[in-house]
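Participant: this one's structure only:
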């Protein structure tokens, strides 16, 4: 018999405390401008490799008796993608500063997508030491292969809007930063302004979702609990006609037979939550796309305790859940005409006298039994019940997002998300979206050959398959609960956050998910 103390759970008062970590939102606009006469704190122009000036840069060069070109050559500026040169008090123009960006070598008059992205990523870096709060970009004249001005404006707004988020708001004295952009003007021709404005709005909307995912990921586990995540979902739905939220408590989960999910929460004083969001932007007959997020708000490993070094980063084990909420945030901003269901399995994984032990056997909502050989392989245990629950929505496709395995980090590093799927069409659509959004994934195998590693003498399956192909066997485990729909699994263990001096959540794969949903419309 367990004591009442061991089984009683309550939500921490801190779990409902709002965390305002957003900075002032940058205002974006598009207008026709004269690069010589336009008044701005900083004007940004492009330069091709070989010091071949863009039209705006050429106009400035002419206004200053060819001094700009001479200065670039003197400083060794070659125009390679990613190079930048900031000039103070430029002569012959109204701007206070001039930022020249290298955009690389053109091919048939166009630069590559990669070189354009490299160039614009230098804007915030170059301006950081300055007091600039406003910047004007004369970059619409830079042609990018197979891309429109709308796409260019989207990249700029998405990149610069990431500055709206700061991770240090919980400090007693937040760090002072020099770059506090408030206004960005995107220069374009009259014919381009409509497309540019559309791109700016889209980029802002995506960045808002990415920033929400970053904010939730960076919050400590004593604030961002399962209850906190549930409250954030409710906050998103406030006064939103297209979004409804239902939060299932542990009692309801027990009635549904979610023994696998509840086994992870058994050792925590924080109650688990199954958070269900329904965004209804499409017709009633339209089958929804379901996004299922792993929401382990802190992962000690349970009884299979993790090493102490680096354990603080296990607050990021809910980044799958954060990406679902971030994607819903962007859907609300864009009001996309599509139906989307978000299901978040939220819990802590803690060791106490009630915690699940290695060797325990639990019954999932699907009726399949699981021998838990390692309590640190808990993400798949909460996701399997969430996947089974998702069947009731009769989804067109299901994508689960999870910081699932360290093995995926070993396989792919922090560049690509691991993608597993039982449906090639769905996998290709996600890979395409990842390329378009610069939030890439890599298609990993999901062959039946790996399934036998999950064999158990005592239950239908074990929750781990040994050291070999750890990310694959984890996906194989989930596939056993996803046979009734087209399903993909995104292992974001290597991409959801950065370690070291630049430690922080990345907000991935919100951009990929949003692009995928936009492509379905």
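Facilitator: Perfect, thanks for sending it. Keep in mind that what you see is a predicted model, and the values were worked out from it rather than measured. Residues are numbered from 1 along each chain as shown.

Participant: And the helices in the stretch 351-500 of the chain, which stretches?
Facilitator: 379-390, 406-412, 424-436, 470-479 (DSSP state H, counting those that start in this stretch).

Participant: tell me what the second one is packed against?
Facilitator: When you say that, I think you mean helix 406-412. Under the contact criterion of 3 or more CB pairs under 8 Å, 6 or more residues apart in numbering; DSSP states H and E, helix 406-412 touches strand 417-421, helix 470-479. Every C-beta, even on glycine, is put in place using the N, C-alpha and C of the backbone.

Participant: next one: the last one
Facilitator: Counting contacts by 3+ CB pairs under 8 Å, 6+ apart, helix 470-479 packs against helix 379-390, helix 406-412, strand 417-421, strand 487-491.

Participant: hang on, the earlier thing: could you export the helices and strands packed on helix 406-412 as TSV, including mean neighbour count, mean pLDDT and distance to residue 505?
Facilitator: Formatted as TSV, these follow (neighbours: other CB atoms under 10 Å; pLDDT from 0 to 100; distance: least, CB to CB, whole Å):
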stretch	mean neighbour count	mean pLDDT	distance to residue 505
strand 417-421	25	98	14
helix 470-479	25	98	21
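
Participant: Using TSV, lay out the ones you listed together with distance to residue 432.
Facilitator: Listed next are the helices and strands packed on helix 406-412 as TSV, based on distance: least, CB to CB, whole Å:
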stretch	distance to residue 432
strand 417-421	11
helix 470-479	20
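
Participant: Assign a three-state SS to residue 296, would you?
Facilitator: Classification of residue 296 using DSSP: H, G, I helix; E, B strand; the rest coil returns strand.

Participant: Not counting sequence-adjacent ones, nearest residue to it?
Facilitator: Sequence neighbours aside, residue 317 is the residue nearest to residue 296 in space, at 4.0 Å (criterion: CB to CB, 6 or more residues apart in numbering).

Participant: So for that neighbour, what's the pLDDT?
Facilitator: The confidence metric pLDDT takes the value 98 at residue 317.

Participant: Could you look up the SS state of it?
Facilitator: Secondary structure, three-state DSSP: residue 317 is helix.

Participant: mind checking which of the helices and strands packed on helix 406-412 is nearest residue 370?
Facilitator: Closest approach to residue 370 among these (CB to CB): helix 470-479, 8.5 Å.

Participant: Kindly calculate the angle that the closest one makes with helix 379-390.
Facilitator: 30 degrees (axes from the mean of the first three to the mean of the last three CA atoms, to 10 degrees).

Participant: Which pLDDT value goes with residue 128?
Facilitator: Reported pLDDT at residue 128 in the predicted model: 88.

Participant: In contact with the nearest residue to it once chain neighbours are set aside: list those residues for me.
Facilitator: Closest residue to residue 128 apart from its sequence neighbours, by CB to CB, 6+ apart: residue 179 at 4.5 Å. Counting by CB atoms under 8 Å, 6 or more residues apart in numbering, residue 179 makes contact with 124, 127-128, 130, 132, 163.

Participant: Let me know the closest of these to residue 364.
Facilitator: Among these, residue 163 lies closest to residue 364 (CB to CB), at 43.5 Å.

Participant: Next, the closest one: secondary structure please.
Facilitator: Three-state call for residue 163 (three-state DSSP): helix.

Participant: got a list of what it touches?
Facilitator: 23, 26, 124, 179, 181.

Participant: roughly how far apart are it and residue 510?
Facilitator: Going from residue 163 to residue 510 by CB to CB, to the nearest Å gives 17 Å.

Participant: Likewise for residue 497?
Facilitator: 13 Å.

Participant: wait, what's in contact with the residue nearest to residue 296?
Facilitator: Contact partners of residue 317, counting by CB under 8 Å, 6+ apart, are 294, 296-299, 349, 379, 403.

Participant: rerun at 6 Å
Facilitator: Listed by CB atoms under 6 Å, 6 or more residues apart in numbering, the contact set of residue 317 reads 296, 299, 403.

Participant: Considering those residues, which is situated nearest to residue 103?
Facilitator: Closest approach between the contacts of residue 317 and residue 103, by CB to CB: residue 403, at 35.5 Å.

Participant: count of neighbours near that closest one?
Facilitator: By other CB atoms under 10 Å, the residues close to residue 403 number 30.

Participant: in a helix, that's where residue 306 is, yeah?
Facilitator: No. With three-state DSSP as the criterion, residue 306 is located in coil rather than a helix.

Participant: so who does it touch?
Facilitator: Residue 306 makes contact with no residue, according to CB under 6 Å, 6+ apart.

Participant: Which residue ranges of the stretch 201-350 of the chain form strands?
Facilitator: Counting by DSSP state E, counting those that start in this stretch, the stretch 201-350 of the chain has strands at residues 243-248, 273-280, 289-299, 339-349.

Participant: mind showing which ranges of this protein have poor pLDDT?
Facilitator: Residue ranges of the chain with pLDDT under 70: 1-24, 177-178.

Participant: Distance of residue 159 relative to residue 121?
Facilitator: Distance of residue 159 to residue 121, computed by CB to CB: 6 Å.

Participant: That should have said residue 175, apologies.
Facilitator: In this view, residue 175 and residue 121 are 22 Å apart by CB to CB.

Participant: More neighbours: which of those two?
Facilitator: residue 121 (16 against 8).

Participant: So what touches the host helix or strand of that one?
Facilitator: Per DSSP states H and E, residue 121 falls inside helix 113-127. With contact meaning CB under 6 Å, 6+ apart, helix 113-127 is reached by 81-82, 84, 86, 99, 101, 103-104, 144, 155-156, 159, 163, 179.

Participant: give me that answer again for 8 Å
Facilitator: 42, 44, 46, 81-84, 86, 99, 101-104, 135, 137, 139, 142, 144-147, 152, 155-156, 159-160, 163, 179, 181, 438.

Participant: Please indicate which of those are buried?
Facilitator: With neighbours counted by 16 or more other CB atoms under 10 Å, the contacts of helix 113-127 contain buried members at 42, 44, 46, 81-84, 86, 99, 101-104, 135, 137, 139, 142, 144, 147, 152, 155-156, 159-160, 163, 179, 181.

Participant: Can you pull the phi and psi angles for residue 109?
Facilitator: When read as degrees, to the nearest 10, the backbone of residue 109 gives phi 90, psi 0.

Participant: count of neighbours near it?
Facilitator: The number of residues near residue 109, taken as other CB under 10 Å, comes to 8.
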